[in-house]
Structure formats: structure tokens, C-alpha cells
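Participant: Here is my input, please return the structure:
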Amino acid sequence: MNEPYKFSFFITEVETAEKGLNEKIAVVETSCVHPQAGKTAGIIRVRFNDFGIFPNPEDIAAFTSQLSLRRALAAEIKRYIKPQKPFL
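Facilitator: Next up, the predicted model:
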């Protein structure tokens, strides 16, 4: 049976990427729980600007080797950052 992953995110730090650009990098503590796979935790950097939210692919690849989990993680972390973006 295909059971969903449960993600937990917490923004620990926000850095300004470069002067002159409206771009920031958020450091996000991430944990994922799945009934069969267990618990996975790590840190993922997320770059965001006026045009979008871009999780670091290297951090996602280091988090897990499972392709379906990588895709789900990228989508969920974007969904987590989007409403908070104006306040970061």
C-alpha cells in the first residue's frame, strides 16, 4: 500500500545571498517519517527571490536516494516556504 510521507520543517536561519539582488537563502531543518522506511532528517538550503523558490538539489540528493521522496520533498518544502516568504 502506498502510504504518504509526513514532513516536518523548521527554518533555522535566513541569509541574504548577494547585495543588490532581492535573493535570500533559508536553512531548513527537515525530517521525514514513513511507516516502512523510518525517519530521515537533515538540513536543506532553499534559495528564494521574486521569481520563485528553489530548493538546493545537492541537499535533496544528500537527504535521500529515493526518487519519489526527492520529488515529494521538493514540492512540500516549496509549499512550506511560500506563505512565509514575505516575512523572511
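Participant: SS state for the residue nearest the centre of the chain?
Facilitator: Nearest to the geometric centre of the chain sits Ile77, at 3.8 Å (CA atoms, centre = their mean). For Ile77, the assignment made with DSSP: H, G, I helix; E, B strand; the rest coil gives helix.
Participant: Per-residue pLDDT of it, please?
Facilitator: In this model, Ile77 is scored at 96, pLDDT.
Participant: Would you agree it is in contact with Thr30?
Facilitator: Yes - contact status for Ile77 versus Thr30: in contact at 7.0 Å, counting by CB atoms under 8 Å. Glycine gets a C-beta too; all of them are placed from N, C-alpha and C.
Participant: Mutual contacts of those two, please.
Facilitator: 7, 9, 44 (CB atoms under 8 Å, 6 or more residues apart in numbering).
Participant: Angles on the backbone of Lys82, please.
Facilitator: Main-chain torsions, Lys82, degrees, to the nearest 10: phi -50, psi -50.
Participant: How many residues are close by it?
Facilitator: 12 (other CB atoms under 10 Å).
Participant: so where's the chain uncertain?
Facilitator: Counting by pLDDT under 70, the chain contains low-confidence ranges at 1-3, 20.
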